[in-house]
Structure formats: structure tokens, C-alpha cells
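S.K.: I would like the atomic coordinates for the input below:
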Amino acid sequence: MARTTNRGKVTRRNGKQQIRRHPSKNQQKRKIGLVNEVRRSYKKFVFKLRSKHAEKKYKGDINFVYLLGGLGILFCLILVFIFTRKNATEVYLNENRIGIIKETKVTDTDLFNMAKAKVVTEKGTNIQTADKIILKPVHASKKEIVKVEYLTSQIAKSLHYQLQAFVIKVDGVEKSVLKNEAEANAVLKRVKEEYLPKGANEGDATFIEKVEVTGKYVGEDAIESADKAFTLLTQTVKTTKVYTVESKDTFWSMARSAGISIDELLKLNEGLTSTSIPRPGQKINLTESKPFLSVKTVETVTYVEPYPKPTQYQEDNTKSKSYKKVIQQGKDGQKEVTAQIIRVNGFETGEKKTVSEKTIVDPIPDVVLVGTN
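M.R.: Predicted coordinates:
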């Protein structure tokens, strides 16, 4: 059994007594220092191991964070591209927004021509406009995008334009505006037909005034109907004419023929009074009502008229110069005459032009015997 003494620990092994001496203080200090050194070395070793592991883990965590950050940035860029890319075209007419279409390759000229064609088809005539179409690339959702057909119809409704019309001018003054040239010419033909004799052709009628049809772009409200234009061109207007007084005329008869009162006649002629007496050859101002357009017609007529008989003379020197005797009674013949009768607004002007004459029955001359002695 071991026991401890001041000199050390006493033990017995194999029947012999052994004393394990206590270490000295220096030995104890060296031992403690050695243990502490070992502990410090162990701690450093463990720390290094842990530091390397932590560094590897830290680097792995940093790389993972970088990866997540890169993926996040890429995702954000994709979202920005999706929600901001120009996937449509915004259409303006002048400065007014019309709508958005998906087609980004369509041009302003394409849209303008399509809208113009719609108006031309609807109105039946060409148009002129100063409006401009402006296109702007934009990002738009499906709900905002409309079809090209719908957009062009909206442009057509919003266009400011003038229609190509045709103007009837009389002596250089615009009198009526119609939607097309055919309608204007039809109105003028209708005016002529008012005065054409039965069976005559349109070519036999002309206007006394200078009448022309010219194209012009006007507002839609300026275009008149054919009936209104016809009424305007056939309405009567009062004009003043100079009349030469004849021997049978009186102020009353002249006023009556002009369709005015005597007071109106006196007002037209300065210096005349109710007690004045018209003199043959005197110039008097009268008014007359005549259509706005005067139509001159030429009617070709064929008629038969007498062909006057001629007179033939035979001389007889056995008779005195005062002797005269009809020895053959003649007879008028007949001839077919083709002539043109001129009328203005249905009234004959007294002008007649002979086109041809054809003898139907030859005349028989009168034969007269005359003395020459």
C-alpha cells in the first residue's frame, strides 16, 4: 500500500520499497510551462484548422451571394426589357392621339393612303388635306393595341379635308358648285333642253354667255344639289335695255310690254314726267326679265315656198314705144327651202339663214310684148 512521506510517495514493488520523490519547484514549473506550451500549440493548430475551414466556407458563401446577385440583376434586366421594349406604334393625326397598333413596320404614308381611300370611297370623289400622320414607337399592353383597320377608320373620321368638286362659271364668275364634272355637265344640258325645239339635238344649242366647268377643292357644305343648281341658272334677272320709240308707242304700251308700271318707267328715264309725250326715234330705258343663262338655239327647218315667176320681154318694132301687152300669162313655181331659225330663250330673233334651196316646180314666166318704134 502506498504512503506519502515528506520525501515522496513510498510504494512497494516485488517486495522492495520504492520512494517516488516529489518534483522540485523548478521541475514543477518546467512541467507546467511545457504543458501550457503544448496547450497553446494545440489551440493554435485547432485555430488554424478552424480558420481554413471558415475561410473556405466564407469564400463559398461569398461566391453564392455573388451568384444570387448576378441572377437577380439578370432577372431585373429581363423584366425591364419586357416592360419597356418598343413593341408597338402610337399613331397621331397632327397632334391628336388616335391609337396604338402592333405593326411596327407600317409607315405614316401607308396609314394615310388607307384612310384617304376610305374617305374617297365614301364621298365618291378625290380629297385634299393638309393633315399629317406622326408615328412614335412605344411599349403597350395587349389591351391598348387596336387593329390597323379600326385605326384607319378612326383616322378617316378625324381627317380635315376638302372635296374635289366642279364649278360652273358664267362669264368668269362662279355660280354653282357640284360634286363631279358629269353632274355639272348634266345640269347645263338640262338648261339647254328647256329651250330646245322638239326633235333638236343638244349640239344645236349654245350659251350666249361664256360658260365653263372647272375643278376646285371645296368644303363639303359648299356643294349644291343638281336641282338647286338648275334653279339658280334658270331663274330670271332684270336687266336694262334701250328701246327706240316707234310712232304707235305710248308710255303705257311700252311699260306694259316690259312688265313694269309707268312710275317705274319714269324712274328709269331721267327727265320724263307723266305729262311727257314719247317721240318716234326717242331712246327709252326699259327693264326686261330674262333667264340668268341665255340659250341660243338653231333649228333647221325645211319648208316649201313659192318660186316667183320671172318676166320676159319681147320687142316689136312695128309697135310704138308705149305699146305693151302680156302675150303669155306666167305662173309661180315652188321650191323646197332648208333654213336655220335662230332663237334666244325660245324667242325668234328674226335671224334666218338659208342652207339650201331645191326647185320642185319650175315657174312659168310672164311674156310681155313691148313696142320699140
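S.K.: use CA for all of it now, contacts and neighbours both
M.R.: Fine.
S.K.: Where do the strands of the stretch 201-350 of the chain begin and end?
M.R.: With strands called from DSSP state E, counting those that start in this stretch, the stretch 201-350 of the chain shows them at 205-207, 211-218, 236-244, 283-291, 295-307, 311-316, 324-328, 333-344, 347-361.
S.K.: Could you tell me how many residues sit around residue 273?
M.R.: By the measure other CA atoms under 10 Å, the count of residues near residue 273 is 13.
S.K.: That should have said residue 106, apologies.
M.R.: 13.
S.K.: ok, now residue 212?
M.R.: Neighbourhood size, residue 212 [other CA under 10 Å]: 17.
S.K.: Over to the one 5 residues further on?
M.R.: Using other CA under 10 Å as the criterion, residue 217 is surrounded by 18 other residues.
S.K.: Hmm, it is touching residue 129, no?
M.R.: No - Residue 217 is beyond contact range of residue 129, at 9.8 Å (criterion: CA atoms under 8 Å).
S.K.: which residues are in contact with both of these two?
M.R.: Listed as contacting both residue 217 and residue 129 by CA atoms under 8 Å, 6 or more residues apart in numbering are residue 162.
S.K.: Now do the same contact list for residue 220.
M.R.: When contacts are counted by CA under 8 Å, 6+ apart, residue 220 touches 162, 163.
S.K.: Which pLDDT value goes with it?
M.R.: We have a pLDDT of 90 for residue 220.
S.K.: How about residue 75?
M.R.: On the pLDDT scale, residue 75 gets 63.
S.K.: before we move on, what about residue 279?
M.R.: At residue 279, pLDDT is 87.
S.K.: Spatially nearest residue to it, not counting backbone neighbours?
M.R.: Nearest residue to residue 279 in three dimensions, chain neighbours excluded: residue 245, at 6.5 Å (CA to CA, 6 or more residues apart in numbering).
S.K.: shouldn't that neighbour be in contact with residue 282?
M.R.: Yes - counting by CA under 8 Å, residue 282 is a contact partner of residue 245 at 5.2 Å.
S.K.: How many neighbouring residues does residue 88 have?
M.R.: 21.
S.K.: Verify the stated contact: it with residue 138.
M.R.: Yes - using CA under 8 Å, residue 88 is in contact with residue 138, at 5.4 Å.
S.K.: Assign residue 86 to helix, strand or coil.
M.R.: In three-state terms, and counting by DSSP: H, G, I helix; E, B strand; the rest coil, residue 86 is coil.
S.K.: How much space separates it from residue 147?
M.R.: According to CA to CA, to the nearest Å, residue 86 stands 17 Å off from residue 147.
S.K.: same deal with residue 122?
M.R.: 21 Å.
S.K.: And residue 303, by the same measure?
M.R.: 75 Å.
S.K.: what's the nearest residue to residue 300 if we skip its chain neighbours?
M.R.: Nearest to residue 300 is residue 340, by CA to CA, 6+ apart, at 4.4 Å.
S.K.: Repeat that for residue 335.
M.R.: residue 359 (4.2 Å).
S.K.: So in that sheet, which strands flank whatever helix or strand residue 166 lives in, and in what orientation?
M.R.: Residue 166 belongs to strand 162-170 when elements are defined using DSSP states H and E. Paired neighbours of strand 162-170 in the sheet (DSSP bridges): strand 127-128 (antiparallel), strand 173-178 (antiparallel), strand 211-218 (antiparallel).
S.K.: residue boundaries of the helices in the protein?
M.R.: Along the chain, counting by DSSP state H, helices occupy 25-84, 108-123, 148-158, 181-193, 226-234, 251-258, 262-268.
S.K.: For residue 130, grab the count of nearby residues.
M.R.: 9.
S.K.: show me what contacts it?
M.R.: Residue 130 neighbours (CA under 8 Å, 6+ apart): 160, 161.
S.K.: Now do it against residue 149, distance only.
M.R.: Residue 130 is 22 Å from residue 149, by CA to CA.
S.K.: just for this protein, where's the confidence low?
M.R.: Counting by pLDDT under 70, the chain contains low-confidence ranges at 1-29, 31, 35, 38, 42-43, 45-85, 104, 202.
S.K.: now the most centrally placed residue in it: how far from residue 231?
M.R.: In the chain, the residue lying closest to the centroid (CA atoms, centre = their mean) is residue 127, at 1.4 Å. Counting by CA to CA, the gap from residue 127 to residue 231 is 27 Å.
S.K.: Ok, residue 373 next?
M.R.: From residue 373 to residue 231 the distance is 77 Å (CA to CA).
S.K.: Touching, the residue nearest to residue 300 and residue 355? I think so.
M.R.: Yes - Residue 340 is in contact with residue 355 according to CA under 8 Å; the separation is 6.9 Å.
S.K.: More neighbours: the two, which one.
M.R.: Counted by other CA under 10 Å, residue 340 and residue 355 do not tie: residue 340 has more neighbours, with 18 against 12.
S.K.: ok, now which ones touch the more buried one?
M.R.: Going by CA under 8 Å, 6+ apart, residue 340 touches 298, 299, 300, 301, 352, 353, 354, 355.
S.K.: and those residues, which are buried?
M.R.: Buried subset of these (neighbour count, 16 or more other CA atoms under 10 Å): 298, 299, 300.
S.K.: okay if I get those residues as TSV plus distance to residue 253?
M.R.: Listed next are those as TSV, based on distance: CA to CA, whole Å:
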residue	distance to residue 253
298	31
299	31
300	34
